[in-house]
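*Asks:* When you get a sec, could you give me coordinates for this:
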Amino acid sequence: GPWELKKAPFYPALHRMQKRGWIQSEWGLSESNRRAKYYELTALGRAQLKTEVQSWSHLVDAISLVLKSNLAEG
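*Replies:* Numbers count the residues shown, from 1 in each chain. Below you'll find the model as predicted:
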């Protein structure tokens with residue numbers, strides 16, 4: 001479901017992702033009838049997310065191998 005960003009540090013990251021075409025935004029009304037900006041992944045953004053998840057998975061696998069190796073030696 002939707003969630004509200006209350007911290008400003010997110011905005012530069014959102015701007016970069018929007019500039020790269022990974023997300024799109026539109027203005028609407030929140031549940032409390034306040035003006036709010038809503039962000040959504042684009043097709044390009046979903047492809048990038050898939051790439052990032054695969055990279056993260058490879059990193060986790062590599063760390064797991066190192067830890068298992070160290071446990072086996074120790």
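*Asks:* residue contacts, residue 48?
*Replies:* 20, 22 (C-beta atoms under 8 Å, 6 or more residues apart in numbering). For the C-beta atoms, the positions are set from N, CA and C on the backbone; glycine is no exception.
*Asks:* Mind checking the pLDDT average for the helix or strand harbouring it?
*Replies:* For residue 48, the host element (DSSP states H and E) is helix 43-73. Confidence for helix 43-73, expressed as mean pLDDT, is 95.
*Asks:* Residue 51 versus residue 58, what's the distance?
*Replies:* 11 Å (C-beta to C-beta, to the nearest Å).
*Asks:* again, but for residue 26
*Replies:* As judged by C-beta to C-beta, residue 26 and residue 51 stand 25 Å apart.
*Asks:* Could you do residue 61 as well?
*Replies:* 16 Å.
*Asks:* before we move on, what about residue 14?
*Replies:* Residue 14 is 19 Å from residue 51, by C-beta to C-beta.
*Asks:* More neighbours: which of the two?
*Replies:* It is residue 14, of residue 14 and residue 51, that has more neighbours when counted by other C-beta atoms under 10 Å, with 15 against 10.
*Asks:* Was I right to think that one contacts residue 39?
*Replies:* Yes: between residue 14 and residue 39 a contact is recorded at 6.3 Å, counting by C-beta atoms under 8 Å.
*Asks:* shared neighbours of the two, which are they?
*Replies:* Joint contacts of residue 14 and residue 39 (C-beta under 8 Å, 6+ apart) are 23, 25.
*Asks:* Just want the most central residue of this structure.
*Replies:* In the chain, the centroid-proximal residue (C-alpha atoms, centre = their mean) is residue 49; its distance is 7.0 Å.
*Asks:* For the nearest residue to that one once chain neighbours are set aside, give its distance to residue 20.
*Replies:* Excluding its sequence neighbours, the residue lying closest to residue 49 (C-beta to C-beta, 6 or more residues apart in numbering) is residue 41, at 6.7 Å. Residue 41 sits 12 Å away from residue 20, taking C-beta to C-beta as the criterion.
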